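A.B. asks: Okay, predicted coordinates and the sequence, questions at the end:
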Amino acid sequence: MRAFLFLLLLFPVLELFVFFQVGTAIGFFPALLLIIAGSALGALIMRLAGLATALSARQSLQRGEMPGAQMLNGMMLTLGGGLLLVPGFISDVLGLLCLLPFTRHRLASMLQRRAEEQAQRQRAFAGDAPAPGEPPRHRPEVIEGEYERRDN
């Protein structure tokens, strides 16, 4: 937790340092225009990615499929757009990595694999769930009916 807090506090300092370096190399106003253009691009991508994800998820649900892959892809697009929206060059580079198809698919497959491993770990510790590879257990047969209590 302390490492995360340290990185969270260090990130703006690194962003300012990189902005200063880029501003020194190409000038202040071109660097500022790059930051503003990146933020505008991020806002546009977030808007389009959200709409495209919602439409593809709805189509998958209409076909009777679970939209897991589309949702994960949309999440990566939204994360990339959000990182572009944050002012700074480091966040823009990370956002572009989330937007490029080959890195996006690789990150999405890594996240999906970790989520599946986590789900298997949770299932292994569940009391009534069968372990992976074990056949499902049968529940006791329930007979529905009505009853009447008669006290003598």
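C.D. replies: In hand now; what should we look at?
A.B. asks: Against which helices or strands is the longest helix belonging to the chain packed?
C.D. replies: When the chain is parsed with DSSP state H, its longest helix is helix 28-62. Contacts defined by 3 or more Cβ pairs under 8 Å, 6 or more residues apart in numbering; DSSP states H and E place helix 28-62 against helix 2-26, helix 68-85, helix 89-99. (Glycine included, C-beta is placed from N, CA and C.)
A.B. asks: what does the shortest one contact?
C.D. replies: Counting by Cβ atoms under 8 Å, 6 or more residues apart in numbering, the neighbours of helix 89-99 from elsewhere in the structure are 11, 14-15, 18-19, 22, 34-35, 38, 42, 45, 76-77, 79-86, 103-104, 107.
A.B. asks: just for the chain, where's the confidence low?
C.D. replies: For the chain, the stretches flagged by pLDDT under 70 are 124-139.
A.B. asks: At the geometric centre of it, which residue sits there?
C.D. replies: Centroid-nearest residue in the chain: Met75, 4.2 Å away (criterion: Cα atoms, centre = their mean).
A.B. asks: show me what contacts that residue?
C.D. replies: 53, 108.
A.B. asks: is it true that Ala52 touches Met71?
C.D. replies: No. Using Cβ atoms under 8 Å, Ala52 is not in contact with Met71, being 11.6 Å away.
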